[in-house]
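1. starting from these lines, generate the structure:
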Amino acid sequence: MVADAEVVSAWTFEDLSLEVYCVVDEVWRHIAPRCRRPGPAPRCSDPELVTMALVGETKGWDQETELVSEWQQHRDLFPHQPSRTRFNRRRRALQGAINEVRRLVLRRLDLAQDRRCVLDSLPVPVIAFHLVPMANRADWQASEARFGRVPSKKSTIFGYKLYLLVTLSGVILDFLLAPANVGELQAGEELLTEHTDLATLGDKAFISQAVAGRLRAENRVQLLTLPRRNARQSVPKPVRQVLNGARQVVETVNSQLTEQFHLEVNHAQSFWGLTARLHTKLAAHTLCLYLNRRRGASDVLQIKHLAFPI
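-> Take a look at the predicted model:
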């Protein structure tokens, strides 16, 4: 096996683009029948456009103007590139297919079989809080964007919260986008009821004996939480260390999503555009872990060098 340092130093932007394209093209045969459209095939194929979107999100090119401008410098990789508006329309139309790419890659990733997970959430504001009174927010409200409190940041947002189910190795197994005013316990339960045979760690927001009992009885899901400070129940030190280690993993994933993938920055003008971006960011994160695993990296969560090689 090649040492990690050698793997990192040999990696280039062209490698990232070609590796992502190969994976997308491999799984596309399962998706293509659902993406057929009338008329002649576009010169830029669906796998090529999806690859451009995924690589762009990995690089942090989260505005179409920037993404199209950057890709124009790499016509040797993808010579037939759509205009900004056409790229935007096609990505929105293909967001379901992009999410299916993420699901199919998860099936190939052995680390995604881990049944030990962490449940957490990230804020997804759609209008900056100080601009909300002046903004025309009717369309967002029609898509259930709401005001909601973010206790970890001691702030209020207008938008949504993204709930993530993350394995102890950092793989995002599943997600749920909920209005920001929905209680964390309610959203967490909704996400977990889609799964079975999990041991899931959550913070104090997910403490509920009733919910934990239902999940255990109906889904064979264990929802484990640290007790509140004023609770009489104490947690043994080894268990607390495991919980703290799990929190570090999910905080690393959250940091990557916010800093490298700019998940908390919204450039979309509609809910449809927002979900297209979210699907692309989450699929890109999964692909990065898959590429690291396939290349033999000792820590699959070290993904920044894929987009920004040394």
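2. now the strands for the stretch 1-150 of the chain?
-> With DSSP state E, counting those that start in this stretch, the ranges of strands along the stretch 1-150 of the chain come out as 116-127, 146-150.
3. closest to L162 out of the ones you listed?
-> L162 lies closest to strand 116-127 among these, at 4.8 Å (CB to CB). Just so you know, the C-beta spots here come from the backbone N, C-alpha and C atoms, and that holds for glycine as well.
4. so, low pLDDT: which residues of the stretch 101-250 of the chain?
-> In the predicted model of the stretch 101-250 of the chain, residues 228-240 satisfy pLDDT under 70.
5. quick revisit: need the winner for burial among the strands of the stretch 1-150 of the chain.
-> strand 116-127 (a mean of 22; mean count of other CB atoms under 10 Å).
6. report the distance from it to the chain centre.
-> Offset of strand 116-127 from its chain centre (CA atoms, centre = their mean, to the nearest Å): 9 Å.
7. helices or strands up against that strand?
-> Here strand 116-127 touches strand 155-167, helix 184-192, strand 198-202, helix 237-255, helix 271-294, going by 3 or more CB pairs under 8 Å, 6 or more residues apart in numbering; DSSP states H and E.
8. out of the ones you listed, which gets nearest to Q113?
-> Evaluated over the helices and strands packed on strand 116-127, closeness to Q113 peaks at strand 155-167, with 8.6 Å, by CB to CB.
9. show residues contacting stretch 68-84.
-> Outside stretch 68-84, the residues within contact range by CB atoms under 8 Å, 6 or more residues apart in numbering are 13-14, 17-18, 42-44, 48-49, 51-52, 56, 59, 61, 64-65, 87, 90.
10. now the strands of the stretch 1-150 of the chain as TSV including distance to V182?
-> Shown next, in TSV, are these (distance: least, CB to CB, whole Å):
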stretch	distance to V182
strand 116-127	10
strand 146-150	8
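11. E190 is nearest to which of the ones you listed?
-> Closest approach to E190 among those (CB to CB): strand 116-127, 11.2 Å.
12. tilt between that closest one and strand 146-150?
-> On the basis of axes from the mean of the first three to the mean of the last three CA atoms, to 10 degrees, strand 116-127 is oriented at 130 degrees to strand 146-150.
13. quick revisit: so which of the strands of the stretch 1-150 of the chain gets nearest R220?
-> Taking CB to CB, strand 116-127 is the member of the strands of the stretch 1-150 of the chain nearest to R220, at 13.3 Å.
14. sheet partners, orientation included, of that closest one?
-> For strand 116-127, the pairing partners within the sheet under DSSP bridges are strand 155-167 (antiparallel), strand 198-202 (parallel).
15. quick one: closest of those strands to L226.
-> strand 198-202 (8.5 Å).
16. pull out the buried positions in that closest one.
-> In terms of neighbour count (16 or more other CB atoms under 10 Å), strand 198-202 has its buried residues at 198, 200-202.
17. again, but for stretch 41-49
-> Judged by neighbour count (16+ other CB under 10 Å), stretch 41-49 contains these buried residues: 44, 46-49.
18. which other residues reach it?
-> Residues from elsewhere that reach stretch 41-49 (CB under 8 Å, 6+ apart): 21, 24-25, 28, 32, 35, 78, 80-82, 87, 90-91, 94, 97.
19. quick revisit: redo the helices and strands packed on strand 116-127 as TSV? Include distance to P125.
-> Shown next, in TSV, are the helices and strands packed on strand 116-127 (distance: least, CB to CB, whole Å):
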stretch	distance to P125
strand 155-167	4
helix 184-192	16
strand 198-202	23
helix 237-255	15
helix 271-294	11
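20. before I go, just wanted to say thanks for your time.
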